[in-house]
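Enquirer: sequence unknown, structure follows:
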Ligand SMILES: Cc1ncc(COP(=O)(O)O)c(C=O)c1O
């Protein structure tokens, strides 16, 4: 049997990882500024994370949600404290798409409505509702097409107001990434998020903060939406939550009450997943990684802004993107093969940096030296 070929891949086999570094099967070392797509939050194979999972594995790895799992409550309390959303309620699942699917569904159960507002260039996942709210026709199968999703331009307050005016009481929810990831690191403006909050309040709609990529401390705040100083009704989270262990969730504001059987899952919140997620939060706090994301992110952004060839450097904390002009189109590839540095991308011309939140300043410095060197070589070739 062959694998179902769904992605173009880099010709490299990683066999070992530690902190912000990975090694291939030939022993070559790479600096990882991609974090396996923003997943590695506390650093690859962090010893505390490994130990917590190993210890749990010795006891019990899985049992279904038909019994008490105190680790879930422990996780809910810890997550509430670290995120500052102590009065929210946690529902655990397994992936970002599933988290958003449940968030959109919960909003519709709550207000009995069907319409969803999403934004141009959004990415919310590949399951039916999440993909319907994703602005990329290539991902949407005919069966997922829905008249219930309205796409609006990001940060356009007038369009948002107009849409609420027209559709008023039909709008169930507004779903927005605090910083669009797949779409190319586009930051939702503070006033725009405030406007979403006030329009949702006015019209009885649910504000859903997709924090799957931009959350979990990556921007220096636990949720990047919180830069706006207003709360969302539901936050979805995944990637950084387990540092590579598949675990995801939504947290739901207290006014949205649960009803048995509206949501459910077999694997979500299993013992092993909770142990991994707890280990991540413990390290995040212990090693003050949100502060590190702020300071190393600031350094990277300032250094990148000073490189004249790179345009429109943007993002927050350790979620940074910049535009690469046509003459430097090989930059990402050259960083990987010449400098042994993994970065992310966003088509057609954006490089994305999504490293571990424990990225050291000296690694950031190495990246800046390397990118300058590669730009110099590419400019010299013209
Ligand atoms: C903002 C956002 N939401 C949702 C998802 C979907 O997450 P998953 O791939 O875990 O289903 C992603 C994945 O890239 C994402 O970036």
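Expert: All right, it came through fine. These numbers were taken from a predicted model, which means no experiment stands behind them.

Enquirer: Closest residue of the chain to the ligand?
Expert: Across the chain, the shortest distance to the ligand (C-beta to the nearest ligand atom) belongs to residue 96, at 2.2 Å. Quick note: C-beta positions are derived from backbone N, CA and C, even for glycine.

Enquirer: For that residue, grab phi and psi.
Expert: Residue 96 adopts backbone torsions of phi -60, psi -40, taken as degrees, to the nearest 10.

Enquirer: how many other residues sit next to it?
Expert: 28 (other C-beta atoms under 10 Å).

Enquirer: Pull the contacting residues for it.
Expert: For residue 96, the contact set (C-beta atoms under 8 Å, 6 or more residues apart in numbering) comprises 124, 125, 130, 210, 212, 213, 236, 237, 238, 239, 248.

Enquirer: what's near enough to touch residue 148?
Expert: Going by C-beta under 8 Å, 6+ apart, the list of residues near residue 148 reads 114, 115, 116, 132.

Enquirer: same deal with residue 139?
Expert: Shown in contact with residue 139 (C-beta under 8 Å, 6+ apart): 126, 131.

Enquirer: for the stretch 51-200 of the chain, what spans make up the strands?
Expert: Taking DSSP state E, counting those that start in this stretch, the strands of the stretch 51-200 of the chain run over residues 89-93, 115-119, 149-152, 171-177, 179-180, 186-187.

Enquirer: In CSV, list those along with distance to the ligand.
Expert: Output for the strands of the stretch 51-200 of the chain, formatted as CSV (distance: least, C-beta to the nearest ligand atom, whole Å):
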stretch, distance to the ligand
strand 89-93, 10
strand 115-119, 11
strand 149-152, 15
strand 171-177, 5
strand 179-180, 7
strand 186-187, 11
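
Enquirer: Just name the most buried of those strands.
Expert: Per residue and on average, the most neighbours among those fall to strand 171-177, with a mean of 27 (mean count of other C-beta atoms under 10 Å).

Enquirer: Show me what that strand is packed up against.
Expert: helix 96-111, strand 115-119, helix 157-167, helix 190-203, strand 206-210 (3 or more C-beta pairs under 8 Å, 6 or more residues apart in numbering; DSSP states H and E).

Enquirer: ok, now with 7 Å
Expert: Secondary-structure packing of strand 171-177 (3 or more C-beta pairs under 7 Å, 6 or more residues apart in numbering; DSSP states H and E): helix 96-111, strand 115-119, helix 190-203, strand 206-210.
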